[in-house]
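**Student:** please find the sequence and the predicted model below.
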Amino acid sequence: MPPTTREKLRDQFLKHKQLTLPVVVFEVAFTGLSRVALELVVTEEWHCIVFEKRLRAGLLFKVAGSMIRDYGRLLKAVAHLETVDQVEKERMRGSRRSQEVNGESQDSKRQRGTTLQQS
């Protein structure tokens, strides 16, 4: 690989963050780019540390205290946490929808009740 290409890929690795990418997509790019920056991820422990630091904040806060230093286990844990987060968000959306539906029906009942009392 030409040195300029290697340097560009190394720079991409240094800047690569998860942001809104799913963990699986982020990990594939992270692993591919890490191959050109081997001096930054010399050991499996450092591979885990660098990977953790590049996760989006919500996942980073949940996994950082675990001190998992086996890359395969770390990936499984992060993927699981991402799935749990998605399920929780879906539940919250469903809960809000049902509250809105119930709230609207209660508001309309209240309005009808006040109309009947005023009559």
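**Tutor:** Cool, the structure landed.

**Student:** only C-alpha atoms for contact and neighbour calcs from this point on.
**Tutor:** Noted.

**Student:** which helix or strand in this structure has the lowest average pLDDT?
**Tutor:** helix 71-118 (a mean of 78; mean pLDDT, DSSP states H and E).

**Student:** the helix or strand hosting T31: how far from the chain's middle?
**Tutor:** Secondary structure assignment for T31, by DSSP states H and E: helix 23-34. How far helix 23-34 lies from its chain's middle: 14 Å, per C-alpha atoms, centre = their mean, to the nearest Å.

**Student:** ok, then the element right after that helix?
**Tutor:** Using DSSP H and E, the helix or strand that follows helix 23-34 in sequence is helix 44-53.

**Student:** tell me the helices and strands packed up against that next one.
**Tutor:** helix 57-63, helix 71-118 (3 or more C-alpha pairs under 8 Å, 6 or more residues apart in numbering; DSSP states H and E).

**Student:** tilt between it and helix 23-34?
**Tutor:** Compare the direction of helix 44-53 with that of helix 23-34 by axes from the mean of the first three to the mean of the last three C-alpha atoms, to 10 degrees and you get 130 degrees.

**Student:** what residues does helix 44-53 touch?
**Tutor:** Helix 44-53 is contacted from outside by F30, L40, V41, L60, V63, A64, I68, R69, D70, Y71, L74, using C-alpha atoms under 8 Å, 6 or more residues apart in numbering.

**Student:** against K62, how distant is the residue nearest to the last one when sequence neighbours are not counted?
**Tutor:** In this case it means L74. With sequence-adjacent residues excluded and distances taken as C-alpha to C-alpha, 6 or more residues apart in numbering, L74 is closest to I68, at 5.8 Å. Separation of I68 from K62 (C-alpha to C-alpha, to the nearest Å): 12 Å.

**Student:** alright, calling it a day.
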